[in-house]
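Undergrad: I would like to see how this sequence folds:
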Amino acid sequence: MKKIGISIQNGLLAEGIIRMLHENGEFQPFRITSPKKNGVVSNCLLQGADILLAEVSYANGATIEGRLSEAKALRAERPECKIAFLCDENSSPEIAKAVMTAKKDGIIDGFFYSSVTAKYLVAALDAI
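TA: Next comes the predicted model:
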């Protein structure tokens, strides 16, 4: 089973994703809500995360700059942990472009738009 950290500020979205992953049977999802600096990295290290799924938005604590910093710190501490970003390509095209660039540059392992179906998201995370 893959341990997957979910760092998504929208509680309903986070709980929905956690439920989907749990029902799949291949994941042990855990929610990361720590607003502290390095809270995401600390939680992933403490839980032994295999994957981090982090939302990128304009919200404080989820900005592209902050998420890239977390990704680099996590990669340095736990290189085997896969990192994927989730963003809204329609309301935040600038963020979507920055997320795509992070993937091209090898900072993250994958990215998803929030418009993907639940089945696709679970399958893609399983394959990451």
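Undergrad: what residues does the helix or strand hosting Lys3 touch?
TA: Lys3 belongs to strand 2-7 when assigned by DSSP states H and E. Strand 2-7 is contacted by residues 14, 17-18, 21, 26-32, 40, 43-44, 47-55, 62, 125-126 when judged by C-beta atoms under 8 Å, 6 or more residues apart in numbering. Using the backbone N, CA and C atoms, a C-beta is placed for each residue, glycine as well.
Undergrad: those helices in the chain, which residues are they?
TA: Using DSSP state H, the helices of the chain run over 11-24, 39-47, 64-77, 93-104, 118-127.
Undergrad: what's in contact with stretch 11-29?
TA: 1-6, 8, 30-31, 53, 55, 114, 118, 121-122, 125-126.
Undergrad: where in the chain is the helix or strand with the lowest mean pLDDT?
TA: Confidence across the helices and strands of the chain bottoms out at helix 118-127, with a mean of 86, counting by mean pLDDT, DSSP states H and E.
Undergrad: got the angle between that one and helix 11-24?
TA: Calculated by axes from the mean of the first three to the mean of the last three C-alpha atoms, to 10 degrees, helix 118-127 forms an angle of 60 degrees with helix 11-24.
Undergrad: now the end-to-end length of stretch 54-61.
TA: In stretch 54-61, first residue to last residue: 10 Å (C-alpha to C-alpha, to the nearest Å).
Undergrad: in that stretch, what's buried?
TA: Across stretch 54-61, burial judged by 16 or more other C-beta atoms under 10 Å covers Ala54, Glu55, Val56, Ser57, Gly61.
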